[in-house]
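> build the 3D model from these lines:
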Amino acid sequence: MATKQTWNASDIVDQTGRTAVVTGANSGLGIATVDALARAGAHVVLAVRDVKRGEDAARTVQSAKGTVEVRRLDLADLASVREFAESWQGDLDLLINNAGVMNIPEASTKDGFEMQFGTNHLGHFALTNLLLPYVTDRVVTVSSGSHRFPGSPHMHFDNLNLTGEYSPTVAYSQSKLANLLFTLELQSQLAAEGSSVRALAAHPGWAATQLQSHDGSAVRRAFMAVGNRFIAQDNTAGALPTLYAATQDLPGASYLGPDGFAEMRGGPALVGRSAAASDPESAVRLWAASEKLTGVTFPRLADLAVSV
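Residues are numbered from 1 along each chain as shown. Below you'll find the predicted structure:
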């Protein structure tokens, strides 16, 4: 079911009085998301690893109504995630888990997790659960069409860090599959607790961002550079599925992406996901593994915003 193709950021309903956190907000899709929400009147927190870069990005936001703020958050360091969450006060209407790394050489987070899985999934898993007591509306997690990558059609539960079998593309695909399974189980747990908060996911299609420039393969970087020039849409268009998921009345666990050919570009629409990304048993298993790895658990009913 496609949304109207002419929908764009100017159609966002007034966000005055609402607060949003956007991770990885100093460039690319993140800053485009911040700009659109701030223009609509929201107070937007740029949660970034490099505060100086975040402040530089914040100065580019052309906000006629809303405000922006920069706070430090390193998703590859669970201590930083906890520090960010512990410093939070007041309601948080919208959490957008946007930050990510893509197809990088093998590396580890500060806590010893494979970098792509640790940053793209575990960091956001911990952040979301720690902030959930403050969230009043929804959590949107940015995934990717790469969750369908042929080399990683499932979670590698016996070796989530891909130790001894690391592949940049398989690791990235697994992390993006994890984003979708996380959204699925988060929505299930929220519903079971009677919470009014919704969990949704989105992907940008092929958007020309700085993410591809960090690819560890020169061949892939060259291919992506050509694709960025001739196929990709810009950051503003790439952010539309996230913004639609963040501001429109949609069911929990919805997945948004572009409605054009192969979901690479176009207006925001409800899109499908792989069978692996739709498996509730895998979602439960990933959740349990993530709780064990991070030491962070789902908050209970008394801590959550609930339906009345």
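> residues contacting the residue nearest to Leu240 when sequence neighbours are not counted?
Using CB to CB, 6 or more residues apart in numbering and skipping residues adjacent in sequence, the residue nearest Leu240 is Pro268, 4.8 Å away. Using the backbone N, CA and C atoms, a C-beta is placed for each residue, glycine as well. Shown in contact with Pro268 (CB atoms under 8 Å, 6 or more residues apart in numbering): 3, 7, 202, 240-241, 243-245, 256-259.
> make it 7 Å
Counting by CB atoms under 7 Å, 6 or more residues apart in numbering, Pro268 makes contact with 3, 7, 240-241, 244, 256, 258.
> show me what the top helix by length along the chain is packed against.
Ordering each helix of the chain by length in residues (DSSP state H) puts helix 168-192 first. The contact analysis (3 or more CB pairs under 7 Å, 6 or more residues apart in numbering; DSSP states H and E) places helix 168-192 against helix 115-116, strand 135-142, strand 198-202, helix 280-294.
> restricted to helices, list the contacts of Pro268.
Among the contacts of Pro268, DSSP H puts 240-241, 244 in helices.
> make TSV out of those and add distance to Ala36.
Shown next, in TSV, are the ones in helices among the contacts of Pro268 (distance: CB to CB, whole Å):
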residue	distance to Ala36
Leu240	9
Pro241	12
Tyr244	11
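> going by distance to Phe149, which of those wins?
Of all these, Phe149 sits closest to Pro241, with 19.2 Å by CB to CB.
> what pLDDT does that closest one get?
Turning to Pro241, the model gives it a pLDDT of 96.
> how about Ala25?
On pLDDT, Ala25 comes in at 97.
> right, and it touches Ile31 too?
Yes. Proximity of Ala25 to Ile31 meets the contact threshold set by CB atoms under 7 Å, at 5.8 Å.
> and the helices in this protein?
Taking DSSP H as the criterion, the chain contains helices spanning 28-39, 51-58, 78-86, 115-116, 124-131, 168-192, 218-230, 235-238, 240-247, 280-294.
> quick one: low-confidence parts of the protein?
1-5, 150-152, 207-232, 262-263, 301, 305-308 (pLDDT under 70).
> how many other residues sit next to Leu92?
A count of nearby residues for Leu92, using other CB atoms under 10 Å, gives 21.
> any idea what it is bridged to?
Val135 (DSSP bridges).
> what sits against it?
Counting by CB under 7 Å, 6+ apart, Leu92 has contacts 19, 21, 131, 134-136.
> looking at these, which is nearest Asp249?
Thr136 (15.1 Å).
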